[in-house]
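**Q** Here is my input, please return the structure:
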Amino acid sequence: MSRHLTDEMIDAQLIAYLHDRAEDGAARAQTPEHVATAMAHRLRPSHRAPLGSARVLRSALLVVVAALLLLALWAWSLAGGRLPSVFPTRVVKIAIELPLGGSEPSAESVANGIKLAVEDARGRTGQIRIEVPESAILSDVLDGLPDPDQGVGNMRHIVGDAAVVAVIGPFNSYVAQAQIPISNAAGLLQCSPATTDPQLTRSADSGIPSAGSPAPGQRNYIRVVTTDDVAAAGAAHFVLERLGKTSVLVVDDDQDPGRAMADWFQDEFRRLGGSIVSRSSLPDSAAATSAMLASALAKRPQAIYFGGTGDRAAMLLNAAVNAGMGGIPFVGSDGLNDGDAARPGSFLSLVGEGAQHAYSVFPGSVNGPGEAAFEARYRTSYGADPTPFAALAYACAQVVVAALQQTEADHGLSAIGIRDAVRAAGVDTSTTFETILGPIAFDTRGDVTPKRLTLYAFDSATSDWVYSDQIDAAGVGR
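**A** Next up, the predicted model:
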């Protein structure tokens, strides 16, 4: 065997030495000069090539490159960074599935919140780099509205990309109902910042492999938002205990979600000792609405609760103001919180000053310890205020990043192995995740704990919704 070092031997020795000395140097926080001196001594071969040979020049060049590399590593270690490995960084993706480009004003803000969370995590967890490429941001809008079939096609595309380790979305519960069987079968963690239908995690007869009754060992669906039954029951507590109103007119928009919200409010309000003066669906005609309100007015309701969308709520409140009921509290779900008065078609734009006694019950916490910093960061990045759901989306991304961090140590995992490890970490009921909402966890259904609700009131100075109060909804709802 030749006593001279071959090019390959020099390269191999350099790589091995760099790996050992870089970790040792970073651990001791040595100066670059010390590290370079020690490395030059160690790399000196026992039998040198003749002075001026190409091999000697090559070795000298490698020493210089190594010194520069170690200088960078030393600076990185002093800055608190994690020492990179000589092994390649693994790239994973987080997918986003929302009604982008449609009628939902919060969708773009939700997507921005997710991107901001990944950016704030510096796009990586140790040796795993996280990307949110445009190819993984999908819209379920069809003809201007969220469409379940479009959502299904999107989810099939998402699970077909082995690099995707989690998906954040969708925004609408009926889209989630169609998507969950696909993400569940693929073992893909799905975190929603907005879907509030209780059946997604609780109904055995809904035909959904839900978090409450999944395939063995395959729970995958979690949400950082509270559910509609909790929000409606929490509204009952707000009306009776915070506003001190004991009799309520309850109206829904004649759609299934709105009817369910009104039913849950009614049941909880009665359980608390309040009385329901009238319970009806909103008529389509103005004359019928006026007649309904005239009948209710005779029973002197102290407040109105409405279950349904913002545009239908505006129809009811305008009619109530005309009927002489504009001075009593008008309480509804987050459907009322669909933008300020400057946004065409929003609840506030349709009712104007008639909203001075209106309240919107938002199904989640937006007053967590990191909320103020998040809002400031969002304004700097996007030049606008975030919607309430943007903070929840940021929290979803924080959960995914934390789940990824738990998989980082196992470099032997395949792409599918990482996906399943992230799923298992995300649904682990023993894990508490630190988020801008505060510490959160998920129960065996995949529903968030603790359960909190946020109250918004109308601010006449800004013609917008403003934070009013927060409700701890532990024990509220089913």
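
**Q** From Gly417, how far off is the nearest residue to Asp420 once chain neighbours are set aside?
**A** Residue nearest to Asp420 in three dimensions, not counting chain neighbours: Gly187, with 4.9 Å by Cβ to Cβ, 6 or more residues apart in numbering. Bear in mind the C-beta positions are built from the backbone N, C-alpha and C, glycine included. Separation of Gly187 from Gly417 (Cβ to Cβ, to the nearest Å) stands at 10 Å.

**Q** what about these two, which has more around it?
**A** Between Gly187 and Gly417, Gly187 has the larger neighbour count (other Cβ atoms under 10 Å), namely 19 against 12.

**Q** Surely that one forms part of a helix?
**A** No - Gly187 is assigned coil when assessed by DSSP: H, G, I helix; E, B strand; the rest coil, not a helix.

**Q** Mind splitting this structure into its structural domains?
**A** 7-78, 90-227+368-446, 228-362+455-472 (automatic domain parsing).

**Q** mind putting these in CSV, mean pLDDT included?
**A** Formatted as CSV, the domains of the chain follow (pLDDT from 0 to 100):
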stretch, mean pLDDT
domain 7-78, 45
domain 90-227+368-446, 90
domain 228-362+455-472, 94
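
**Q** Contact partners for the spatially most central residue of the chain?
**A** Most central in the chain under Cα atoms, centre = their mean is Ala393, positioned 2.3 Å from the mean C-alpha point. Residues near Ala393 by Cβ atoms under 8 Å, 6 or more residues apart in numbering: 110-111, 113-114, 117, 168, 193.

**Q** Can you give me the distance of Ile304 to Thr435?
**A** 35 Å.

**Q** ditto for Ser460
**A** 33 Å.

**Q** So for these two, which residue has more residues nearby?
**A** Thr435 (25 against 11).

**Q** Can you report phi and psi for Ser360?
**A** phi -120, psi 130 (degrees, to the nearest 10).

**Q** Just confirm it contacts Ser333, I think it does.
**A** Yes - the criterion here is Cβ atoms under 8 Å, and Ser360 meets it with Ser333 at 7.1 Å.

**Q** Gly345 in helix, strand or coil?
**A** Applying three-state DSSP: Gly345 is coil.

**Q** Sticking with the closest residue to it other than its chain neighbours, tell me its helix or strand.
**A** Of all residues not flanking Gly345 in the chain, Asp311 sits nearest, at 6.8 Å (Cβ to Cβ, 6+ apart). According to DSSP states H and E, Asp311 maps onto helix 310-322.

**Q** what's that helix in contact with?
**A** With Cβ under 8 Å, 6+ apart, helix 310-322 has contacts from 251, 253, 258, 282, 286, 289-290, 293, 304, 306, 326, 330, 332, 335-338, 345-347, 350-351, 354-355, 358.

**Q** What residues of the helix or strand encompassing Ile130 count as buried?
**A** Assigned by DSSP H and E, Ile130 belongs to strand 128-131. By 16 or more other Cβ atoms under 10 Å, the buried positions in strand 128-131 come out as 128, 130.

**Q** which residues are in contact with that strand?
**A** 89-94, 118, 121, 123-124, 401, 404, 407-408, 418.

**Q** Relative to Ile180, which of those is nearest.
**A** The nearest member of these to Ile180, counting by Cβ to Cβ, is Ile94 at 17.8 Å.

**Q** all strands for the stretch 351-478 of the chain, in order.
**A** Assigned by DSSP state E, counting those that start in this stretch, the strands in the stretch 351-478 of the chain fall at 358-362, 433-435, 438-442, 448-449, 452-459, 464-472.

**Q** which other helices and strands contact the second one?
**A** With contacts defined as 3 or more Cβ pairs under 8 Å, 6 or more residues apart in numbering; DSSP states H and E, strand 433-435 has these neighbours: helix 388-407, strand 438-442.

**Q** And for the third one?
**A** Secondary-structure packing of strand 438-442 (3+ Cβ pairs under 8 Å, 6+ apart): strand 433-435, strand 448-449.

**Q** Give me the angle between it and strand 452-459.
**A** For strand 438-442 and strand 452-459, the angle between their directions (axes from the mean of the first three to the mean of the last three Cα atoms, to 10 degrees) works out to 130 degrees.

**Q** Partner strands of strand 438-442, with direction?
**A** Strand 438-442 has the following strand partners under DSSP bridges: strand 433-435 (antiparallel), strand 448-449 (antiparallel).

**Q** Look up which helix or strand the closest residue to Val152 other than its chain neighbours falls in, please.
**A** The shortest distance from Val152 to any non-neighbouring residue, by Cβ to Cβ, 6+ apart, is to Ala178 (5.1 Å). Using DSSP H and E, the element containing Ala178 is helix 173-185.

**Q** Show me which residues of that helix are buried.
**A** 173-180, 182-184.

**Q** do stretch 289-307 as well
**A** For stretch 289-307, the neighbour count (16+ other Cβ under 10 Å) marks 289, 292-293, 296-297, 301-307 as buried.

**Q** now stretch 337-349
**A** Neighbour-count burial for stretch 337-349 [16+ other Cβ under 10 Å]: 337-341, 346-349.

**Q** distance between the ends of it?
**A** 11 Å (Cα to Cα, to the nearest Å).
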